[in-house]
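>>> heads up, no residue letters with this:
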Ligand SMILES: [Zn+2]
Ligand SMILES: [Zn+2]
């Protein structure tokens, strides 16, 4: 089944679930919904194609450089390429999710990267579609920094596809406007009760917590977790969000205009 079908099915599922068990009452056509729909379509369907076209040239240059210094075989070790699908999936999930946890930390702690990541944190009404509100530069940063582990492990396309679908499922779930408690699973898998605190406004709770993408376990291990039982932040966003652009075009150009509020 192609990715678009999985994405459509998962989106429909969470749209229905949010109507049945909402955390906060908000209309389907909430503020910013049309921008988020545009983010969903562009980031899920076209961004990969555009970055893929650029990647071909960047990877060709990298391979030529590696050839020159006789390090190509050492770089593309592909230690997982002959392993079974379940083994690949588990190693891929752990290796990539941990790397992404580190990259997400950088997006918050390096000022120039934070300007791009602010697009995702401009969400004030949380729901599943917010999972797709992010700047294309952020994806470029993730791709570049994930390339070395991808070359080292050499996962098959089948494992990568399954990982992509799993990430979409957990991403939708963690951002969903759902009143659910997952019990002890909150220490392992990302969930709405944990991820909502990642989006808290500085006036409503501690910032720079809960960096987990699909797994939350890294935050509990490295003491960056925050998820008080039975509580939700009263406000989402960041300092200065009142003057931040509300629609996609303004948000996409904002990081390039030197807006430095944090
Ligand atoms: Zn973040
Ligand atoms: Zn988020």
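Okay, I see it. Since the structure is predicted, the reported quantities are computational estimates derived from the model, not experimental observations. Numbers count the residues shown, from 1 in each chain. Ligands and ions are numbered 1, 2, ... in the order given.

>>> so residue 50, which of the three states?
Following DSSP: H, G, I helix; E, B strand; the rest coil, residue 50 is assigned to helix.

>>> which stretches of the stretch 151-262 of the chain form helices?
Secondary structure of the stretch 151-262 of the chain (DSSP state H, counting those that start in this stretch): helices at 157-175, 192-198, 217-221, 248-253.

>>> how about those helices in TSV, adding mean pLDDT and distance to residue 242?
In short, each C-beta sits where N, CA and C put it, glycine included. Listed next are the helices of the stretch 151-262 of the chain as TSV, based on pLDDT from 0 to 100; distance: least, Cβ to Cβ, whole Å:
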stretch	mean pLDDT	distance to residue 242
helix 157-175	97	22
helix 192-198	97	21
helix 217-221	98	29
helix 248-253	95	14
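
>>> is residue 63 in contact with residue 69, as I believe?
No. In this structure residue 63 lies outside contact range of residue 69 using Cβ atoms under 8 Å: 11.4 Å.

>>> and those two? Which one has more around it.
residue 63 (13 against 9; other Cβ atoms under 10 Å).

>>> could you look up the SS state of the more buried one?
Once three-state DSSP is applied, residue 63 turns out helix.

>>> the helix or strand residue 19 falls within vs helix 157-175, what angle?
Using DSSP states H and E, residue 19 sits within helix 3-20. With axes from the mean of the first three to the mean of the last three Cα atoms, to 10 degrees defining the directions, helix 3-20 sits at 20 degrees from helix 157-175.

>>> what comes up buried for helix 3-20?
6-7, 10-11, 14, 17-18 (16 or more other Cβ atoms under 10 Å).

>>> any idea of the mean pLDDT in it?
Helix 3-20 shows an average pLDDT of 96 in the prediction.

>>> ok now it, how far from the chain's centre?
Relative to its chain's centre, helix 3-20 lies at 17 Å (Cα atoms, centre = their mean, to the nearest Å).

>>> rounded mean pLDDT for whatever helix or strand comes next after it, please.
Following helix 3-20 in sequence order, the next helix or strand is helix 33-41 (DSSP H and E). Regarding helix 33-41, the rounded mean pLDDT is 96.

>>> just confirm residue 134 is within a helix.
No. Going by three-state DSSP, the assignment for residue 134 is coil, not a helix.

>>> against residue 18, how distant is it?
Separation of residue 134 from residue 18 (Cβ to Cβ, to the nearest Å): 20 Å.

>>> for the residue nearest the centre of the chain, what are phi and psi?
Central residue of the chain (Cα atoms, centre = their mean): residue 213, 5.7 Å from the mean position. Main-chain dihedrals, residue 213, degrees, to the nearest 10: phi -100, psi -80.

>>> does it touch residue 166 like I think?
No. Look at residue 213 against residue 166 with Cβ under 8 Å: they stay out of range, at 10.7 Å.

>>> and the longest helix anywhere in the chain, average pLDDT?
Selection of the longest helix in the chain by residue count, based on DSSP state H, yields helix 85-109. Per-residue pLDDT over helix 85-109 has a mean of 98.

>>> quick check: what element follows that helix along the chain?
Following helix 85-109 in sequence, per DSSP H and E, is helix 111-121.

>>> give me the buried stretch members for that following helix, please.
In helix 111-121, counting by 16+ other Cβ under 10 Å, buried: 113-121.

>>> now those in JSON lines, with pLDDT?
Formatted as JSON lines, those follow (pLDDT from 0 to 100):
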{"residue": "113", "pLDDT": "97"}
{"residue": "114", "pLDDT": "97"}
{"residue": "115", "pLDDT": "96"}
{"residue": "116", "pLDDT": "97"}
{"residue": "117", "pLDDT": "98"}
{"residue": "118", "pLDDT": "97"}
{"residue": "119", "pLDDT": "97"}
{"residue": "120", "pLDDT": "98"}
{"residue": "121", "pLDDT": "98"}
